[in-house]
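*Asks:* Below is the sequence, then the predicted model.
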Amino acid sequence: MDAFIKQIAPNLYSYRTRFWSSLSATGEMFFKAGAIAFVLGLLFGIMLVVFRKGGIRQNMIIYQITNFVINVFRSIPFVILLIFLIPLTRSIVGTAIGVKGAIIPLVFGCVPFYTRQVEVALSSINEGKIEAARSMGSSTFGIIFRVYLHEAVPELIRVTTVTAISLIGLTTMAGAVGAGGIGSFAINYGQNQNHQDIVDACVLILLIIVFIMQSLGNLLSRRATNRGLITIKH
Amino acid sequence: MIEIKNMNKTFHLKTGDVRALEDVSVSIADGTIYGVIGYSGAGKSTLVRCINLLEVPDSGSLKIGSNEEITMKDGIAMQGGKPMGEKQLNSLRRGIGMIFQHFNLLDRSTVFDNVAYPLKFTGMKKNQIAARVRELLELVGLSDKINVYPSQLSGGQKQRVAIARALANNPAVLLSDEATSALDPEATEAILALLKDLNRKLGLTIVLITHEMAVIKSICQRVAVMENGRVVEEGEVYDVFADPKTSIAARFVASASPLSRIDKVLQEDSQFTGSHGKLVKLTFRKDCAGEPLITMAARKFNINFNVVLANVEILQGASLGGMIGLLEGTPENISAAIDYLTENHVITEEIADGRLH
């Protein structure tokens, strides 16, 4: 195997330790930023649905503010957002470079997108189910967790998959401005040094990651939907 | 007793204001099946939602059983001079079950979990919940479907699950929002029979809204007819059927009565119109059944009575006879015969231009 890779991708082979460390840096950015974005996106998504006009706790002020902030950050291209957030990142984590410095801009880049997706997923829940829960005297939290989130699980898995894939894209962009990871590896060791085999390898590994994510997402979403086919013993 | 007094509710929509309730006052005695009928947009859905305060009326008052009266002020529900909080509203709603046209079950939960939904967070232990769910499913006749998902059930079965869920907290009142409108005739009949049975067994007060007079006819004791946000007619189902006072009530009654076929008969066959007799509709209430009134009138006034359509309904165990016939004879005799029938409590109605209403 070693000999085979050495033969078809000699440059990749000589930089293989850097390749693996870049990959793990991408993984670290993805999981850290992803975990924070997951929580915040769900939170803001729920807020938009709960506080909107006709929502279970209509509050136009909170809704408008959340909606406005989400729209603003969604409108800024990610590369611009990266440099725009440098002072903020520095004041929070002490540095604006490396994996550590990339987490905050990644969260800012990802959360607005994910929030919208969560909002759409939760809005797909039939209003009648919400009304039925209200008629049973269910509390606001009861309705959020036991109706909205519970019923939207398959849809939430789908939108989380889409967001995760787009987050991979964002991490490679962050790499381009000094965050490390597979993106900067492809540019610095591949493109800049004219090593096409390194660029090709980066493309291949990203394709594999995206393919695995999509398949996993589809599988889980389908599992969550097809409840009619599974019986559970009480 | 549910007492609704002077309720008003206006929806402010972009397209303009809609007065969904206009000075509505209704009282519903405990243990009755009370029907509310009207065309869509008449305000019946709003009325029923104002009973469990899913919608809060702009003004008016609501008293349910022995609970303290709730008065509405500028769209806020006040109890004891203070605005009701979420907790108070929720505890009020737990005492009132509700079922819907489209069932509104949780698709990702089993029948068991759907019925258990209102029981969780009420302080009941797991085994108590399981026992109660079994009891409820037995009540609605679905014990064998406990671990099944809603997608595997028929419409009628889904509505049974919804009924079990609505009754989980032992409410005294059940609100039914077009609960049979999405069901086929057979399932409709079965669900109505179940509701009647629950009403009898549990003493459950049922407020049922529908646009189908057949539903009212089959299980309700009293009915309110709504039009444009107002209750235009209210009374015992028998009385409304026997003698509707408003044209809209008459339209609903006709929709559920075979006698309304007279329209078709007249359209297809003109032998009754323009003939020398008079086409009349006679309604025989329970107080005039048993007397051979038509035969007696015919003998007494030397007229012929040619029966075109006849029908007997049993409403709340009492019979209601309806007949459309052609009276033939001299004009004086015909009007004397009609007077005679009217004196004997038969409701007589001449069919002007060959149409009923």
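*Replies:* Cool, the structure landed.
*Asks:* can you give me how far stretch A:175-182 is from the chain middle?
*Replies:* Put simply, stretch A:175-182 sits 17 Å off its chain's centre (Cα atoms, centre = their mean, to the nearest Å).
*Asks:* buried residues in that stretch?
*Replies:* For stretch A:175-182, burial by neighbour count (16 or more other Cβ atoms under 10 Å in any protein chain shown) applies to A:G175, A:V177, A:A179, A:G180, A:G181, A:I182. Where C-beta positions appear, they are placed from N, C-alpha and C, glycine not excepted.
*Asks:* what does stretch B:10-25 give?
*Replies:* Across stretch B:10-25, burial judged by 16+ other Cβ under 10 Å covers B:T10, B:R19, B:A20, B:L21, B:E22, B:V24.
*Asks:* Make sure the last one is actually in contact with B:N6.
*Replies:* Yes. Under the criterion of Cβ atoms under 8 Å, B:V24 lies in contact with B:N6, with a separation of 7.5 Å.
*Asks:* which residues are common contacts for these two?
*Replies:* Residues touching both B:V24 and B:N6 (Cβ atoms under 8 Å, 6 or more residues apart in numbering or on different chains) are B:G60.
*Asks:* Show me what the host helix or strand of B:T46 packs onto, helices and strands only.
*Replies:* Per DSSP states H and E: B:T46 is located in helix B:44-49. Here helix B:44-49 touches strand B:2-13, strand B:16-28, strand B:33-37, strand B:173-177, strand B:205-210, going by 3 or more Cβ pairs under 8 Å, 6 or more residues apart in numbering or on different chains; DSSP states H and E.
*Asks:* In a markdown table: these, plus distance to chain A and mean pLDDT.
*Replies:* Shown next, in a markdown table, are the helices and strands packed on helix B:44-49 (distance: least, Cβ to the nearest Cβ, whole Å; pLDDT from 0 to 100):
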| stretch | distance to chain A | mean pLDDT |
| --- | --- | --- |
| strand B:2-13 | 11 | 94 |
| strand B:16-28 | 15 | 95 |
| strand B:33-37 | 17 | 97 |
| strand B:173-177 | 8 | 97 |
| strand B:205-210 | 13 | 96 |
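*Asks:* and the closest residue to chain A within the stretch 251-357 of chain B, how many neighbours does it have?
*Replies:* Closest contact between the stretch 251-357 of chain B and chain A, by Cβ to the nearest Cβ, is at B:F252 (26.2 Å). Residues lying near B:F252 (other Cβ atoms under 10 Å in any protein chain shown) number 27.
*Asks:* And for the one 4 residues further on?
*Replies:* B:A256 has 18 neighbours, counted by other Cβ under 10 Å.
*Asks:* With B:S109 instead?
*Replies:* Other residues near B:S109 number 19, with proximity taken as other Cβ under 10 Å.
*Asks:* residue ranges of the helices in chain A, please?
*Replies:* Secondary structure of chain A (DSSP state H): helices located at A:2-8, A:10-14, A:16-51, A:60-75, A:78-84, A:86-93, A:98-123, A:127-135, A:140-143, A:150-151, A:153-174, A:182-185, A:196-225.
*Asks:* Spatially nearest residue to residue 88 (excluding sequence neighbours)?
*Replies:* By default, I'm working from chain A. The shortest distance from A:L88 to any non-neighbouring residue, by Cβ to Cβ, 6 or more residues apart in numbering or on different chains, is to A:I104 (6.8 Å).
*Asks:* was after chain B, sorry
*Replies:* Take B:Q88 and drop its neighbours on the chain: the residue closest to it by Cβ to Cβ, 6+ apart is B:Q79, 6.5 Å away.
*Asks:* Send me the worst-scoring helix or strand of chain B on mean pLDDT as PDB with only the CA atoms.
*Replies:* None of the helices or strands of chain B scores lower by mean pLDDT, DSSP states H and E than helix B:262-268, at a mean of 71. Presented in PDB, the C-alpha positions along helix B:262-268 are these (Å, rounded to 0.1, in the frame of the first residue of the first chain):
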ATOM      1  CA  ILE B 262     -89.800  17.200  -3.400                       C
ATOM      2  CA  ASP B 263     -87.700  19.800  -5.200                       C
ATOM      3  CA  LYS B 264     -86.400  17.100  -7.500                       C
ATOM      4  CA  VAL B 265     -89.800  15.500  -7.900                       C
ATOM      5  CA  LEU B 266     -91.200  18.900  -8.900                       C
ATOM      6  CA  GLN B 267     -88.400  19.600 -11.300                       C
ATOM      7  CA  GLU B 268     -88.700  16.300 -13.100                       C
END
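*Asks:* Paired strands for the helix or strand following that helix, with orientation please.
*Replies:* Using DSSP H and E, the next helix or strand after helix B:262-268 towards the C-terminus is strand B:278-284. Strand B:278-284 sits in its sheet next to strand B:318-328 (antiparallel), strand B:346-350 (antiparallel), going by DSSP bridges.
*Asks:* quick one: contacts of the next helix or strand after strand B:278-284?
*Replies:* Sequence order places helix B:293-301 as the next helix or strand after strand B:278-284, per DSSP H and E. Residues external to helix B:293-301 that are found in contact with it (Cβ under 8 Å, 6+ apart): B:282, B:284, B:303-305, B:323, B:325, B:329, B:333-334, B:336-337, B:340-341, B:344, B:346.
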